[in-house]
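> Prediction below, plus the sequence it came from.
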Amino acid sequence: LNPLRVLDQKRQRVDDWQLRLLQAQKQHQSQRVHRLAALQQRPVLMAPQRMLLQRRQYLEHCLSSMIRMQTQSLTLKRSAFANYVSQLDTLSPLAVLARGYAVAQRRTGQVVRRWDDVACGESLLLILQQGYLTCKVEKGEEHGKYDL
């Protein structure tokens, strides 16, 4: 083997590796330049104020939509609440008295629900819309001419 020839082969290999390294560096640099150019073309980097304005307008639109939906929801809930209050008022004992009915109670405070809950001669308290009456039972019947 000739030592000069071996040295030339080694130099040739080093030159090949240098060439490959230089080409790889150029390719890598070219890729980075293209990536940078692509990033610079992004709308947010080209006009950040416009992008911020668009985002602000979108957020304001979302906020106004949320406020409108919350207002509608509150209106529906208020209406439902008013309906429940009206129903409760209709069933209220005071509303029943205001319509002309009375509540009969025994002296113990027990409400009289049936005619046979009391005995003849027993005193009852009749609670009216305005005031009350003390009454004495004369007669009790299950059905009669006073059926409603």
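Done, it's in.
> Show residues contacting stretch 65-85.
By C-beta atoms under 8 Å, 6 or more residues apart in numbering, no surrounding residue is in contact with stretch 65-85. (Glycine included, C-beta is placed from N, CA and C.)
> Where does the prediction get shaky in this structure?
144-148 (pLDDT under 70).
> SS state for residue 126?
What DSSP: H, G, I helix; E, B strand; the rest coil gives for residue 126 is strand.
> quick one: the residue lying closest to it once chain neighbours are set aside from residue 7, how far?
Nearest residue to residue 126, sequence neighbours excluded (C-beta to C-beta, 6 or more residues apart in numbering): residue 133, at 4.3 Å. Going from residue 133 to residue 7 by C-beta to C-beta, to the nearest Å gives 135 Å.
> give me every residue that touches residue 93.
Counted by C-beta under 8 Å, 6+ apart, residue 93 has contacts residue 103.
> And it, how far from residue 135?
19 Å.
> just residue 4 next, same as before
Relative to residue 135, residue 4 is positioned 142 Å away (C-beta to C-beta).
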